[in-house]
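In: Please work out how this folds:
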Amino acid sequence: MNSAKPIASLSLDLDNKWSYMKTHGDSGWETFPTYLETVVPRSLAFFKEQDLAITYFIVGQDAALEKNREALAQIPAAGHEIGNHSFNHEPWLHLYSKEQLTEEFDKAEAAIESATGRQPIGFRGPGFSLSATVEEVLAERGYKYDCSKFPTYIGPLARAYYFLRSPKMSQEEREKRKKLFGTFGDGFVTLKAHELNVNGRKLMEIPVTTFPGVKTPIHFSYLLYLACFSETSAWLYFNAALRFCKLAGVEPSMLLHPLDFLDGGDARELEFFPAMNMDHKKKIELLNEFVGRLTRDFETVKLGEHAEIAGKRSRPLTSTDPAAVQ
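Out: Predicted coordinates for the structure are as follows:
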């Protein structure tokens, strides 16, 4: 890379229909219904048009199913990076023991490599779930980076809204999901990529970027939701966020989800999600403008490249180091 522009990275968490239904407590997820045959070619066409290569985080369970393999194989063939998004996609991954995590990673890595021909070097926990044990396992297995941190103060509000839209969820299921979208304290985590010292091993942490200072979300799903009320407001908000990133020296790590390329007609079971009432063609039109705005001001790379560049100027931190928060 040889550019005067600061860097940014772009990734897509390839959550499938069944994983959203499972987290929502809906029946029927056990048969693993999928929309990958729709969202993968739709997203790949978008990034080809943008001339961008990004990082796709794949769920191991999807990679293990024959019905998804053709769609998943298209992703590395198009030049994109492959990351690990767990095997079972359970947002309570932080509750797993080390033995459970080892089994989870064994299964996910084997399935993802079999389906894509790529061994993941990066990880993002489902629902931003992360623990010291997860970091320990990642470092031991030679992962180069993690990007499960979501520095925002409003995680509890997002969780309350989600529970409000999930009336069928049992108390036991809610208990498992009590850290879904994070805690208030996550808002104090730094937005800048930083290298962790995990029992003597290095692991680069690249948080999902939020609005510097106020730490409200700026990922594309959130922008599309704002655009449902006012496209002008969504634009003003995103432009201000990018300006503040530059002022604060934050290299944005921007996040997409499959639902950013889908509408309610593509997945009736997920119509309760924000912005699912917007036609997918309109979403892609807006994404084209938002992503275009990002790439105009930032050299946009895959997360692996982001980690490599940031690693060259970092000093290792422990999770309790004051520099790990801001």
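
In: which stretches of the stretch 51-200 of the chain form helices?
Out: Under the criterion DSSP state H, counting those that start in this stretch, the stretch 51-200 of the chain contains helices at 60-63, 66-77, 98-116, 132-140, 155-164, 171-176.

In: most packed of those?
Out: Comparing these by mean neighbour count (mean count of other C-beta atoms under 10 Å), helix 60-63 ranks first with a mean of 24. C-beta: built from backbone N, CA, C; applies to glycine.

In: ok, which stretches of the stretch 101-250 of the chain are strands?
Out: Taking DSSP state E, counting those that start in this stretch to define them, one finds strands in the stretch 101-250 of the chain at 122-123, 145-146, 194-198, 201-205.

In: coming back round to it: could you dump the helices of the stretch 51-200 of the chain into JSON lines with distance to W18 and mean pLDDT added?
Out: Formatted as JSON lines, those follow (distance: least, C-beta to C-beta, whole Å; pLDDT from 0 to 100):
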{"stretch": "helix 60-63", "distance to W18": "8", "mean pLDDT": "98"}
{"stretch": "helix 66-77", "distance to W18": "11", "mean pLDDT": "98"}
{"stretch": "helix 98-116", "distance to W18": "15", "mean pLDDT": "98"}
{"stretch": "helix 132-140", "distance to W18": "23", "mean pLDDT": "97"}
{"stretch": "helix 155-164", "distance to W18": "17", "mean pLDDT": "75"}
{"stretch": "helix 171-176", "distance to W18": "16", "mean pLDDT": "75"}
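
In: For F238, find the nearest of the ones you listed.
Out: helix 155-164 (18.6 Å; C-beta to C-beta).

In: Please state the offset of the closest one from the chain centre?
Out: Put simply, helix 155-164 sits 18 Å off its chain's centre (C-alpha atoms, centre = their mean, to the nearest Å).

In: Just name whatever secondary elements that helix is in contact with.
Out: With contacts defined as 3 or more C-beta pairs under 8 Å, 6 or more residues apart in numbering; DSSP states H and E, helix 155-164 has no helix or strand neighbours.

In: Leaving out the residues flanking it, which one is nearest to E136?
Out: Leaving aside its chain neighbours, E136 sits nearest to V198 (5.8 Å; criterion: C-beta to C-beta, 6 or more residues apart in numbering).

In: Could you report the neighbour count for that neighbour?
Out: Using other C-beta atoms under 10 Å, V198 has 21 other residues around it.

In: show me the contacts for it.
Out: E135, E136, L138, A139 (C-beta atoms under 8 Å, 6 or more residues apart in numbering).

In: Now render those residues as CSV, adding distance to A240.
Out: Formatted as CSV, the contacts of V198 follow (distance: C-beta to C-beta, whole Å):
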residue, distance to A240
E135, 32
E136, 38
L138, 34
A139, 36
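
In: Of these, just say which sits nearest to L191.
Out: Nearest member of these to L191, counting by C-beta to C-beta, is E135, at 18.3 Å.

In: From A115, how far off is the residue nearest to that closest one when sequence neighbours are not counted?
Out: Of all residues not flanking E135 in the chain, V198 sits nearest, at 5.2 Å (C-beta to C-beta, 6+ apart). Using C-beta to C-beta, to the nearest Å, we find V198 at a distance of 28 Å from A115.

In: Kindly report the same for R141.
Out: Here the criterion is C-beta to C-beta. By it, R141 lies 19 Å from A115.
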